[in-house]
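K.L.:
can't give you the sequence, but here's the structure:
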């Protein structure tokens with residue numbers, strides 16, 4: 001009773017402050033009717049029916065921003081996102097769907113919003129969605145696409161959709177040769193979704209891109225070791241997978257790369273006149289390889305340098 005009297009007194013005091021038209025619209029309680037929201041919604045609907053889509057989008061956005069707890073708010077946010085998507089405003093539509101997903105998890109449009117986001121993110125990743133800037137159409141920037149995919153993964157944790165989004169992020173970063181981010185994304189699939197059919201492929205891809213990095217000139221021992229470890233992890237975690245034999249062959253190939261890399265280092269030091277270092281690396285080739293082309297070459301150079 002005391003709390004009720006307090007509320008009535010507060011209401012009377014508030015009413016005495018003057019015309020409430022000077023005050024900002026009050027946010028209604030969870031899911032109750034709000035006349036201000038209803039008026040905005042009717043106005044947005046009228047604009048939409050008249051074909052004034054941009055004005056309708058603004059009204060729906062205003063409603064959802066000003067009175068987010070009103071009955072019409074979730075519907076307004078959905079209509080805003082839907083119209084933006086139809087208008088080709090990909091990033092704005094994606095963000096509007098995200099607002100609905102974040103704030104209105106009980107909305108009847110929740111699943112539709114998730115589906116729309118994933119559809120847009122994967123289409124953007126495949127280059128099927130373009131962004132308009134200064135009247136020109138161009139593919140969305142890789143970082144923007146990766147950000148969209150990350151939100152899809154975050155909104156669908158531990159699901160097949162989440163695994164697919166993480167894997168696609170790896171593909172995006174691998175394509176632009178951002179190796180560290182690609183490895184991180186693929187590792188997210190392996191660690192977060194170990195039972196997904198994409199997990200073994202993701203682990204194999206880690207080894208593959210690290211090996212490719214070594215092939216393209218960055219052949220220091222650390223990169224070669226990381227590639228080998230990635231393939232070895234793949235074999236231990238996913239025995240019997242269809243690419244096991246391929247992984248074993250690649251590990252053998254990496255072993256021969258180690259030998260060639262060590263031989264190249266020995267030659268580098270020999271050309272520089274650093275004979276002690278050259279002998280050390282030739283000896284390493286002999287020790288590691290036991291036989292073969294680089295074994296024979298290193299033995300010959302050691303004989304010539306008097307270090308055999």
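P.N.:
That came through fine. In this text, all values refer to a predicted model and were calculated from it rather than measured experimentally.

K.L.:
can you give me phi and psi for residue 107?
P.N.:
Backbone torsions for residue 107, taken as degrees, to the nearest 10, come to phi -70, psi 150.

K.L.:
got the contact list for it?
P.N.:
74-75, 78, 100, 113 (Cβ atoms under 8 Å, 6 or more residues apart in numbering). Quick note: C-beta positions are derived from backbone N, CA and C, even for glycine.

K.L.:
With pLDDT, distance to residue 33 and neighbour count as added columns, please give the residues you listed in CSV.
P.N.:
Shown next, in CSV, are the contacts of residue 107 (pLDDT from 0 to 100; distance: Cβ to Cβ, whole Å; neighbours: other Cβ atoms under 10 Å):
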residue, pLDDT, distance to residue 33, neighbour count
74, 96, 14, 24
75, 97, 13, 21
78, 98, 18, 24
100, 97, 20, 26
113, 97, 23, 26
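
K.L.:
Pick out the most distant pair among those.
P.N.:
Across the contacts of residue 107, the longest distance by Cβ to Cβ is 11.9 Å; it joins 75 and 113.

K.L.:
Would you map the strands across the stretch 1-150 of the chain?
P.N.:
Using DSSP state E, counting those that start in this stretch, the strands found in the stretch 1-150 of the chain span residues 130-133, 136-139.

K.L.:
which of these has the lowest average pLDDT?
P.N.:
If those are sorted by mean pLDDT, strand 130-133 sits at the bottom with a mean of 58.

K.L.:
what's the biggest helix by length in the chain packed up against?
P.N.:
The helix that spans the most residues within the chain, counting by DSSP state H, is helix 244-272. Contact partners of helix 244-272 among helices and strands, from 3 or more Cβ pairs under 8 Å, 6 or more residues apart in numbering; DSSP states H and E: helix 198-215, helix 221-237, helix 275-289, helix 293-305.

K.L.:
which stretches of the stretch 201-308 of the chain have low pLDDT?
P.N.:
Scanning the stretch 201-308 of the chain for pLDDT under 70 picks out the ranges 215, 217-221, 307-308.

K.L.:
circling back: for the longest helix of the chain, the distance to its chain's centre please.
P.N.:
33 Å (Cα atoms, centre = their mean, to the nearest Å).

K.L.:
What count of nearby residues applies to residue 233?
P.N.:
17 (other Cβ atoms under 10 Å).

K.L.:
Please report how far the closest residue to it other than its chain neighbours lies from residue 251.
P.N.:
Spatial nearest neighbour of residue 233, chain neighbours left out: residue 203 (6.1 Å); criterion: Cβ to Cβ, 6 or more residues apart in numbering. According to Cβ to Cβ, to the nearest Å, residue 203 and residue 251 sit 13 Å apart.

K.L.:
More neighbours: which of those two?
P.N.:
residue 203 (27 against 19).

K.L.:
For the longest helix of the chain, buried residues please.
P.N.:
Neighbour-count burial for helix 244-272, counted by 16 or more other Cβ atoms under 10 Å, picks out 244, 247, 250-251, 254, 257-259, 261-263, 265-267, 269-270.

K.L.:
Also stretch 141-149?
P.N.:
142, 144-149.

K.L.:
Out of those, which is nearest to residue 94?
P.N.:
Nearest to residue 94 among the buried residues of stretch 141-149, with distances taken as Cβ to Cβ, is residue 148, at 5.8 Å.

K.L.:
Which residue, other than its chain neighbours, is closest to that closest one?
P.N.:
residue 121 (4.0 Å).

K.L.:
can you check residue 157 too?
P.N.:
residue 192 is the one closest to residue 157 (Cβ to Cβ, 6+ apart), at 8.0 Å.

K.L.:
Any idea how many residues pack against the one you found?
P.N.:
Residue 192 has 15 nearby residues by other Cβ under 10 Å.

K.L.:
Switch the helices and strands packed on helix 244-272 over to CSV; also include distance to residue 69.
P.N.:
What follows is the helices and strands packed on helix 244-272, written out as CSV (distance: least, Cβ to Cβ, whole Å):
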stretch, distance to residue 69
helix 198-215, 39
helix 221-237, 47
helix 275-289, 69
helix 293-305, 73
